[in-house]
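>>> here is my input; please provide its structure:
(one chain, ligands or ions: 2)
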Amino acid sequence: MHHLASEFPLWIRATHWINVLFIGFLIRAGIQILGAYPRLYWNDHSIPGTEWLKFTRRKLQPGGDWTSIEQEIYVTPWLAQPGAENLSAGRHWHFFSVVFWIANGLAYVIGLFVTGEWDRLVPTSWSIFPHAWHDLITYATFQTPPLSEFHPFDPLQQLTYFAVVFLLAPLLILSGLAQSPAMEASQPWLPALFGGRQGARSIHFLGMCAFVVFILMHGAMVAHTYLGRNLDDMIFGTPNGNHTLALGIAILINAAIVFIYWASSRWSRAHVRETKAVLGPVIRPLLRWLTLHANPRMHFRHDQISPYHAINGYPPTSDEYARLRDGGFRDWRLEVCGLVEHPRSFTLDQIRGMDKSEQIVRHNCIQGWTGIAEWGGIPLQTVVEMCQPLPGARYMVFRSYQDDASNQPYYESLDVRLAQKPQFILAYEMNGKPLPERHGAPLRLRAETQVGFKMVKWLRSIEFVEDFRTIRGGGGGSREDITYYEQAVPI
Ligand SMILES: Nc1nc2c(c(=O)[nH]1)N[C@H]1C(S)=C(S)[C@@H](COP(=O)(O)O)O[C@H]1N2
Ligand SMILES: [Mo]
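Numbers count the residues shown, from 1 in each chain. Ligands and ions are numbered 1, 2, ... in the order given. Predicted coordinates:
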């Protein structure tokens, strides 16, 4: 039993309402992200038709004439942050919010232990279970346990809060982390905990549903049991009897939170570039750090290879590419240029003659789908060693024969230090055969700690540059310039 001046000190009340704000952002932005690929699976092949849940009526045949970008659906701003088709802004809101949500949650939990108030939440006796059961029966018959049962929570309430803080929240954090390509490539046990990457995605979704159910029940119970007293607790920290004032303030706080969702979503939909500029810096240092430090070590078995690997991006339509393809790519060259000691031009046969590297890995599209395939090619490091970048060369720019949505060559950039990473290769084979046209023939990049859009297909050239900010839109790639994704995408 606690006998404090205030049963709910200011830091508890503050972290509670901050939590409300950020959990709302996370759920809304999570729904936005789900809309980019509205199918949930328990297997990592992401073959349409094998999902256990979908939020789209579109019927797709594996191998049909579609690419996965066409799967994104419009999500109403009533549910999603910021709403519409906005994966990039949704990701920025989700990652921005998770930083503050976790910091706030840690402050709350640390506060509980530092002040010795942890037994508000953490049960200290097994008898809590029969007591909680008894409460459940009481509530189920629309009655309310007497006030003497609240210390400050009744046993059922305490158990529920304990489960939300110490089980559900960590589960959401872990299943979120397990979806990061860099984490899953460097810590393969993490997605394995959830039965794979799509398992983690499905659990993350179900955890979100559990949180929504909790929020609805929690709200209903606050209103159903001693509403006036609860309002006093949440606002003043102690029952002081001024229920009307407490109610007024609680309504104001909730209205302010809803207004923040509405206004920020509206602004963000109209200003996706600014959304990246404002929210991006919070998470960008972590993205860069993770990209530089994650060492991919994914090794799947041959029998785990996806029977069908989804596709993003249609092959080049130019006559130039058609000529090269029809000539068996004999006239195709990989140009390596820019800030290098020895600019080079490689034929496909020369590349095939170099030391080969093979990997059976899981591909992660930023939209959420995955596929497992074997890729064969040469380590990026081989190219670096043959061309000798000059000291000022800090990024490699990969350019494609195919055009992006702005009708300019698709391009992406990587930090040169990443060339030393295992599983960063230029692939000319997929599943033991020459790279199929749709997957990037004759040569494509594989960068296994990053999301799929970095892995340029139908490669034309690699240029070593000092900075990507001086190229085209300055974002570091086609997707960064056009859609406002981050340049380092290990998540
Ligand atoms: N040139 C080019 N490369 C590209 C793309 C593209 O549109 N054009 N799409 C990217 C995206 S978003 C993904 S997920 C992967 C998909 O690779 P896959 O089609 O072999 O599965 O390729 C990447 N490389
Ligand atoms: Mo993608």
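>>> restrict the worst-scoring helix or strand of the chain on mean pLDDT to CA atoms and write it as PDB.
Sorting the helices and strands of the chain by mean pLDDT, DSSP states H and E puts helix 227-235 at the bottom, at a mean of 93. Presented in PDB, the C-alpha positions along helix 227-235 are these (Å, rounded to 0.1, in the frame of the first residue of the first chain):
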ATOM      1  CA  LEU A 227     -14.400   7.700 -13.500                       C
ATOM      2  CA  GLY A 228     -14.100  10.800 -11.300                       C
ATOM      3  CA  ARG A 229     -11.400   9.300  -9.200                       C
ATOM      4  CA  ASN A 230      -9.500   8.000 -12.200                       C
ATOM      5  CA  LEU A 231      -9.600  11.400 -13.900                       C
ATOM      6  CA  ASP A 232      -8.300  13.000 -10.700                       C
ATOM      7  CA  ASP A 233      -5.500  10.500 -10.600                       C
ATOM      8  CA  MET A 234      -4.500  10.900 -14.300                       C
ATOM      9  CA  ILE A 235      -4.600  14.700 -14.100                       C
END
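>>> ok, and what's touching that helix?
7-8, 13, 16, 147, 152, 222, 238-243, 245-247, 249-250 (C-beta atoms under 8 Å, 6 or more residues apart in numbering). (Each C-beta comes from the backbone N, C-alpha and C, glycine too.)
>>> which of these are buried?
In the contacts of helix 227-235, burial by neighbour count holds for E7, F8, R13, P152, V222, P239, H243, A246, A250, counting by 16 or more other C-beta atoms under 10 Å.
>>> quick one, what contacts the residue in the stretch 151-300 of the chain that ligand 1 sits nearest to?
Closest contact between the stretch 151-300 of the chain and ligand 1, by C-beta to the nearest ligand atom, is at P181 (10.7 Å). The contact partners of P181, by C-beta under 8 Å, 6+ apart, come to N364, E448, T449, Q450, V451, V489, P490, I491.
>>> so which of these belong to strands?
The subset of the contacts of P181 located in strands under the criterion DSSP state E comprises N364.
>>> which pair in the contacts of P181 spans the largest distance?
With distances taken as C-beta to C-beta, the most widely separated pair in the contacts of P181 is E448 and I491, at 14.1 Å.
>>> low-confidence bits of the stretch 1-150 of the chain, can you list those?
For the stretch 1-150 of the chain, the stretches flagged by pLDDT under 70 are 1-6.
>>> need the residues of it near ligand 2, please.
Along the stretch 1-150 of the chain, not a single residue is adjacent to ligand 2 under the rule C-beta under 5 Å from the ion.
>>> mind listing what's buried along the helix or strand containing R284?
Under the criterion DSSP states H and E, the helix or strand holding R284 is helix 272-293. Using 16+ other C-beta under 10 Å as the burial criterion, the residues of helix 272-293 that qualify are V272, T275, K276, L279, G280, I283, L287, L290, T291.
>>> can you get me a residue count around the closest residue to Q450 other than its chain neighbours?
Computed as C-beta to C-beta, 6 or more residues apart in numbering, the closest residue to Q450 that is not its neighbour in sequence is V489, at 5.3 Å. Burial of V489, expressed as a neighbour count using other C-beta atoms under 10 Å, amounts to 27.
>>> for V489, give its distance to S306.
Spatial separation of V489 from S306 under the definition C-beta to C-beta, to the nearest Å is 22 Å.
>>> and the helix or strand harbouring L445, what does it pack onto?
When secondary structure is defined using DSSP H and E, the element that contains L445 is strand 444-447. Here strand 444-447 touches strand 424-430, going by 3 or more C-beta pairs under 8 Å, 6 or more residues apart in numbering; DSSP states H and E.
>>> report how many residues lie close to I235.
Neighbour number of I235 under other C-beta under 10 Å is 22.
>>> can you classify the closest residue to it other than its chain neighbours as helix, strand or coil?
What sits nearest to I235 in space, not counting adjacent residues and going by C-beta to C-beta, 6+ apart, is A246, at 4.4 Å. Classification of A246 into helix, strand or coil gives helix, according to DSSP: H, G, I helix; E, B strand; the rest coil.
>>> so A246 touches P239, yeah?
No: with contact defined as C-beta atoms under 8 Å, A246 does not count as touching P239 (9.3 Å).
>>> rewinding a little: show me the contacts of P181 that map onto helices.
In helices, defined here by DSSP state H, there are no members of the contacts of P181.
>>> compare the contacts of P181 and tell me which is most surrounded.
T449 (29 neighbours).
>>> not counting its neighbours along the chain, what's nearest the residue of the stretch 101-250 of the chain found nearest ligand 2?
With distances taken as C-beta to the ion, the stretch 101-250 of the chain approaches ligand 2 most closely at P181, which sits 10.9 Å away. Computed as C-beta to C-beta, 6+ apart, the closest residue to P181 that is not its neighbour in sequence is N364, at 4.3 Å.
>>> and that neighbour, how far is that from F453?
When C-beta to C-beta is the yardstick, N364 and F453 sit 10 Å from each other.
>>> what's G368 sitting at in phi/psi?
phi 130, psi -10 (degrees, to the nearest 10).
>>> give me the domain ranges for this protein.
Per automatic domain parsing, the structural domains of the chain span 10-37+72-292, 295-483.
>>> which one of the ones you listed lies nearest to E51?
E51 lies closest, by C-beta to C-beta, to one member of these: domain 10-37+72-292, at 8.9 Å.
>>> pull up the distance across that closest one, start to finish.
Between the opening and closing residues of domain 10-37+72-292 we find a distance of 41 Å, counting by C-alpha to C-alpha, to the nearest Å.
>>> so how far is that domain off the chain centroid?
17 Å (C-alpha atoms, centre = their mean, to the nearest Å).
>>> ok, stretch 381-389 next?
Using C-alpha atoms, centre = their mean, the distance between the centre of stretch 381-389 and that of its chain works out at 33 Å.
>>> which residues does the residue lying closest to L190 once chain neighbours are set aside contact?
Using C-beta to C-beta, 6+ apart and skipping the chain neighbours, the partner closest in space to L190 is A178 (4.5 Å). With contacts defined as C-beta under 8 Å, 6+ apart, A178 is in contact with E184, L190, P191, L193, F194, R197, A200.
>>> repeat that for G476.
G476 makes contact with Y395, E412, S413, F468, R469, Q487, according to C-beta under 8 Å, 6+ apart.
>>> report the buried members of the residues you listed.
Y395, E412, S413, F468, Q487.
>>> rebuild these as a markdown table, extending it with secondary structure, distance to ligand 1 and pLDDT.
Supplementary listing: the buried ones among the contacts of G476 in a markdown table, determined by DSSP: H, G, I helix; E, B strand; the rest coil; distance: C-beta to the nearest ligand atom, whole Å; pLDDT from 0 to 100:
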| residue | secondary structure | distance to ligand 1 | pLDDT |
| --- | --- | --- | --- |
| Y395 | strand | 17 | 98 |
| E412 | strand | 8 | 98 |
| S413 | strand | 13 | 98 |
| F468 | helix | 17 | 98 |
| Q487 | coil | 15 | 98 |
